[in-house]
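Engineer: need a 3D model of the following:
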Amino acid sequence: MFNRSVLTATLLLVACSTQGELAAKPGKPPFKEFYQSFRQQVAAEGLNPALLDEAFDGKVQPYAPAIKSEANQPEIKSTFESYVAKMLAKPRREKGAALLAEHKKELAKASQATGVPPEVIVALWGIESNFGANMGNHPVVPALVTLAWDNDRGEFFGKEAVNALRVARKRGINPAELTGSWAGAMGQCQFMPSNYLKHAADGNGDGKVDIWNTPADVFMSAGTFLKALGWQKDVPWRLPAQVSVKLPESAGFNERGLSEPHPLAQWQRWGVVPKGTSFSKLGGTETALRMYRPLGDKGPTYMLGPNFDVLLRWNYSSYFAASALLLAESIANEGNLPDV
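Structural biologist: Numbers count the residues shown, from 1 in each chain. As a prediction, the model looks like this:
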């Protein structure tokens, strides 16, 4: 007879070993080899590589949850209806409306400084971290270094990992204490490290920038970032439209019903006309606009203003951008569902 307890212990040991030693993708070096070269990159950026070692707490191995989460992103696997329903769930809408009123003064200050409506800031706050309740507990630096090793956008994540070390140094904390999402986003507004360094702003005038614990700083930082991304004040993000003819393939619709941007004049030549209001609210005839048919031929058609592209620069997902802006409409309307 074999010893069942010995077999169980052996299997557990093998499982733990396998989890800690993820195989490299074809053409990529083993993680420990990559780690050593990344230490040199850290030094070349003027930082002490010991900061990187502190972030890994002596355990030089890839952070498996980052790889697993990357393959299971909701934006990839969800339908428009299911994604929007989740993002605009009743508790989120109602809490957003309540917080809009509660933080009226701080939000007004951020809005006045940046031109971004308070409800848009609150909507992003709600989607990114559930109004600060879920900022993520993943170790930021190990997650980013793992993605730099494993992801096709390795250069981007490598730069963010270096910037995360700068964030830790700036805040005076051990890099191992820097936590956030599996992809390295931090704080209540879920800024990537580079965005924190460039755009995080003091909202309450205390001389500090704390996007983890201070709502006023979260609001000012989110507004400042959106302004830098090109937010246009008082421009609607969508207007209903009608199409009188079949649009050409050159309109460039993707599988999610979002077109490539084209000048408004071109849309008009293709037979797109406003439904109930003038397209002039979105800009002049040379303003680049997108058309959106999130439900295909079975749903509404919208012309999207330039602020939709601003949200795409925040998070390149049409589902995310639409959900954030629809949630903003709901929050501004006391939590009632908007027209989709």
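Engineer: how about Met291, phi and psi?
Structural biologist: With angles defined as degrees, to the nearest 10, Met291 shows backbone torsions of phi -100, psi 150.
Engineer: show me where pLDDT drops low in the stretch 201-340 of the chain?
Structural biologist: Residues of the stretch 201-340 of the chain that meet the criterion pLDDT under 70 are absent altogether.
Engineer: OK, contacts around the residue nearest to Asn336 when sequence neighbours are not counted?
Structural biologist: In space, Asn336 comes closest to Ser330 once its chain neighbours are excluded; the distance is 6.2 Å by C-beta to C-beta, 6 or more residues apart in numbering. From N, CA and C alone the C-beta is placed, and that goes for glycine too. For Ser330, the set of contacting residues under the criterion of C-beta atoms under 8 Å, 6 or more residues apart in numbering consists of 88, 93, 96-97, 336-338.
Engineer: closest one to Leu147 out of these, please.
Structural biologist: Each of those was checked against Leu147 using C-beta to C-beta; the closest is Leu88, at 29.3 Å.
Engineer: about what we covered before: make a ChimeraX selection of the buried ones in the contacts of Ser330.
Structural biologist: The ChimeraX selection below is limited to those of these classed as buried (16 or more other C-beta atoms under 10 Å):
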select :88,93,96,97
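Engineer: so which of the contacts of Ser330 are in helices?
Structural biologist: Assignment to helices by DSSP state H places the following of those there: 93, 96-97.
Engineer: okay, these in CSV with distance to Thr285 next?
Structural biologist: What follows is these, written out as CSV (distance: C-beta to C-beta, whole Å):
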residue, distance to Thr285
Arg93, 36
Gly96, 36
Ala97, 37
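Engineer: got TSV for those, with distance to Asp202 and pLDDT too?
Structural biologist: Rendered in TSV, the data for the ones in helices among the contacts of Ser330 read as follows (distance: C-beta to C-beta, whole Å; pLDDT from 0 to 100):
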residue	distance to Asp202	pLDDT
Arg93	30	97
Gly96	24	98
Ala97	27	98
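Engineer: hang on, the earlier thing: and the helix or strand hosting the residue nearest to Asn336, how far out from the chain middle?
Structural biologist: According to DSSP states H and E, Ser330 maps onto helix 318-332. Taking the mean C-alpha point of helix 318-332 and that of its whole chain, the gap between them comes to 13 Å (C-alpha atoms, centre = their mean, to the nearest Å).
Engineer: hmm, back to that, closest one of the contacts of Ser330 to His262?
Structural biologist: Distances from the contacts of Ser330 to His262 were compared by C-beta to C-beta; the smallest belongs to Pro338, at 25.9 Å.
Engineer: how about the closest one, nearest residue that isn't a chain neighbour?
Structural biologist: Glu329 is the one closest to Pro338 (C-beta to C-beta, 6+ apart), at 4.0 Å.
Engineer: A strand includes Glu160, no?
Structural biologist: No - residue state for Glu160 (DSSP: H, G, I helix; E, B strand; the rest coil) corresponds to helix; a strand is not indicated.
Engineer: which residues touch it?
Structural biologist: Applying C-beta under 8 Å, 6+ apart to Glu160 gives the contacts 144, 184, 192-194.
Engineer: which of these has the most neighbours?
Structural biologist: Taking other C-beta atoms under 10 Å to define a neighbour, the member of these with the most is Leu144, carrying 32 neighbours.
Engineer: perfect, I'm done here.
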